[in-house]
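S.K.: just coords:
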Ligand SMILES: [Zn+2]
């Protein structure tokens, strides 16, 4: 089975993760722009981060046979620094139109402050201007209120729910998110609230339509293989393979293909991996390592 992880922060992961993802059948990943564990203090830090998402990280993934896409946005935590946030908003249009950018995100609420809401609304309008889907980060505290409020604001801006992926859902939020017509994403963190056992139960209750599974793996305790592992558990628990394919692959494809930048043909007809390649003169290999060079595409077989 092929998988997509539509929410994973690879800049903080290792090449071992890329190898494990490829071995597990993950064909494509989406890396949402987010914060990095501590607030940035200067606009240049955002610019270099956005540049790495569309530049070196994309290249690094390709060196392991993974197709890397990203979303560009000002996250809600850092939106609270209004002076810096204004500058990030001015910078965003430069990146939103770059190749491989599949949405505006992840945006939304953290503490639900008025400043967060101001920059949330500005970015909703930006998404309309550039005609991109939107990825919503729902708050980890006050989840239900924040999720409902996010949808209310999106609807005030006249954005169709089918253009919006709401992430970090749980049992408390998913019914409303699905009933209102949004894509409903679940982040599977190991050893926590939204583990993959609970995801199986949600699937049994709500089915597969507009449901998406992701890892949100980052620099914290998280599992880059959450999507294939959850798929395996679903299979063991008797969920139909067609439903598993929807939530672990096809729904993410359908949702983000609305960007015009996320095409299955990219990974069904892949360019062979060639680790002799360089990005601005730099390789993923270190002294003396033997480059992996594929002669023929290995992942071009359509099931
Ligand atoms: Zn994230």
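M.R.: Sure thing, it's come through. Note that the structure is predicted; figures quoted are calculated from it, not measured.
S.K.: Tally up the residues packed near residue 50, please.
M.R.: By other CB atoms under 10 Å, the residues close to residue 50 number 22. For the C-beta atoms, the positions are set from N, CA and C on the backbone; glycine is no exception.
S.K.: How about it, nearest residue that isn't a chain neighbour?
M.R.: Setting aside the residues directly before and after it, residue 50 is nearest to residue 95 in space (CB to CB, 6 or more residues apart in numbering), at 4.6 Å.
S.K.: quick one: contacts for the closest residue to the ion within the stretch 201-303 of the chain?
M.R.: Minimum separation of the stretch 201-303 of the chain from the ion (CB to the ion) falls at residue 216, amounting to 4.7 Å. Residues counted as contacts of residue 216 (CB atoms under 8 Å, 6 or more residues apart in numbering) are 7, 8, 9, 167, 168, 187, 189, 222.
S.K.: Relative to the ion, how far out is the second one?
M.R.: Think residue 8. 8 Å (CB to the ion, to the nearest Å).
S.K.: Help me confirm that that residue comes into contact with residue 31.
M.R.: Yes - with contact defined as CB atoms under 8 Å, residue 8 counts as touching residue 31 (6.2 Å).
S.K.: Confirm that residue 74 lies within a strand, as I assumed.
M.R.: No - counting by DSSP: H, G, I helix; E, B strand; the rest coil, residue 74 is not part of a strand but coil.
S.K.: burial of it, as a residue count?
M.R.: Neighbours around residue 74, by other CB under 10 Å: 30.
S.K.: quick one, phi/psi of the residue nearest to residue 50?
M.R.: phi -100, psi -30 (degrees, to the nearest 10).
S.K.: now it: how far from residue 185?
M.R.: 22 Å (CB to CB, to the nearest Å).
S.K.: Over to residue 89?
M.R.: Between residue 89 and residue 185 the distance is 25 Å, computed by CB to CB.
S.K.: Would you mind telling me which of these two has more residues around it?
M.R.: residue 185 (27 against 16).
S.K.: In three-state terms, label the more buried one for me.
M.R.: Residue 185 - assigned by three-state DSSP - is strand.
S.K.: For it, name its beta-bridge partners.
M.R.: Judged by DSSP bridges, the bridge partners of residue 185 are residue 212.
S.K.: Just the pLDDT for it.
M.R.: Residue 185 is assigned a predicted lDDT (pLDDT) of 97.
S.K.: Could you give the number of residues near the nearest residue to residue 228 once chain neighbours are set aside?
M.R.: Leaving out its chain neighbours, the residue that sits closest to residue 228 by CB to CB, 6+ apart is residue 24, at 4.0 Å. By the criterion of other CB under 10 Å, residue 24 has 17 neighbours.
S.K.: Let's test this: mean pLDDT of stretch 211-224, rounded?
M.R.: Averaged across stretch 211-224, pLDDT comes to 95.
S.K.: what do you get for stretch 12-23?
M.R.: 97.
S.K.: in the stretch 201-303 of the chain, which segments are predicted with low confidence?
M.R.: For the stretch 201-303 of the chain, the stretches flagged by pLDDT under 70 are 297-303.
S.K.: So which residues on it come close to the ion?
M.R.: residue 216 (CB under 5 Å from the ion).
S.K.: So is stretch 46-56 next to the ion?
M.R.: No - Stretch 46-56 does not reach the ion (CB under 5 Å from the ion); its nearest approach is 12.3 Å.
S.K.: got the buried residues for that stretch?
M.R.: The neighbour-count check on stretch 46-56 (16 or more other CB atoms under 10 Å) flags 46, 49, 50, 52, 53, 54 as buried.
S.K.: Of these, which is the nearest to the ion?
M.R.: Closest approach between those and the ion, by CB to the ion: residue 53, at 12.3 Å.
S.K.: now the strands: where do they sit in this structure?
M.R.: Here the chain has its strands, by DSSP state E, at 3-5, 26-32, 67-72, 101-108, 134-137, 164-167, 183-187, 211-214.
S.K.: list the helices and strands the first one packs on?
M.R.: Other helices and strands packing on strand 3-5, by 3 or more CB pairs under 8 Å, 6 or more residues apart in numbering; DSSP states H and E, are strand 26-32, helix 226-236.
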